[in-house]
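**Student:** Structure for the following, please:
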Amino acid sequence: IVSLEAMINSVPLICFEDSGGTEELMDLSYRFVVPYTDNEKMAQKAHDFFSQPKLKSELLKKALKRSD
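**Tutor:** Numbering: from 1, shown residues only. Now for the predicted structure:
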């Protein structure tokens with residue numbers, strides 16, 4: 001439910017591999033998956049998302065479309 005609410009509200013999805021839930025339910029076209037407990041990689045993906053407006057816009061459009 002949290003992942004779906006995030007998509008509806010244009011919040012990025014960044015999840016850890018094999019953590020259960022988001023990875024299995026969400027399409028790779030609008031979320032990032034990082035190795036389990038790799039906080040540096042998680043931070044890098046968050047930075048990528050917020051520092052690249054085109055990437056951000058693309059991912060949010062796909063997430064919102066998917067949530068319909």
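
**Student:** Nearest the geometric middle of this structure, what residue?
**Tutor:** When Cα atoms, centre = their mean is applied to the chain, the residue found nearest the centroid is residue 13 (2.0 Å).

**Student:** is it true that residue 35 touches residue 17?
**Tutor:** Yes - counting by Cβ atoms under 8 Å, residue 35 does reach residue 17; the two are 5.6 Å apart. (Glycine included, C-beta is placed from N, CA and C.)

**Student:** which residues touch residue 64?
**Tutor:** Residue 64 makes contact with 7-8, 10, according to Cβ atoms under 8 Å, 6 or more residues apart in numbering.

**Student:** If any of these are buried, put those into a PyMOL selection.
**Tutor:** To isolate the buried ones among the contacts of residue 64 in PyMOL, judged by 16 or more other Cβ atoms under 10 Å, type:
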select buried, resi 7
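
**Student:** Format the contacts of residue 64 as JSON lines; extra columns: pLDDT.
**Tutor:** Shown next, in JSON lines, are the contacts of residue 64 (pLDDT from 0 to 100):
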{"residue": "7", "pLDDT": "72"}
{"residue": "8", "pLDDT": "76"}
{"residue": "10", "pLDDT": "70"}
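
**Student:** In helices, which of the contacts of residue 64 appear?
**Tutor:** 7-8 (DSSP state H).

**Student:** Throw the contacts of residue 64 into CSV and include distance to residue 48, thanks.
**Tutor:** CSV is the format used below for those (distance: Cβ to Cβ, whole Å):
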residue, distance to residue 48
7, 18
8, 22
10, 16
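
**Student:** and which of the contacts of residue 64 is nearest to residue 41?
**Tutor:** residue 7 (21.5 Å; Cβ to Cβ).

**Student:** Show me the strands in the protein, by range?
**Tutor:** Here the chain has its strands, by DSSP state E, at 13-16, 31-34.

**Student:** What is the neighbour count of residue 58?
**Tutor:** Residues near residue 58, counting by other Cβ atoms under 10 Å, number 13.
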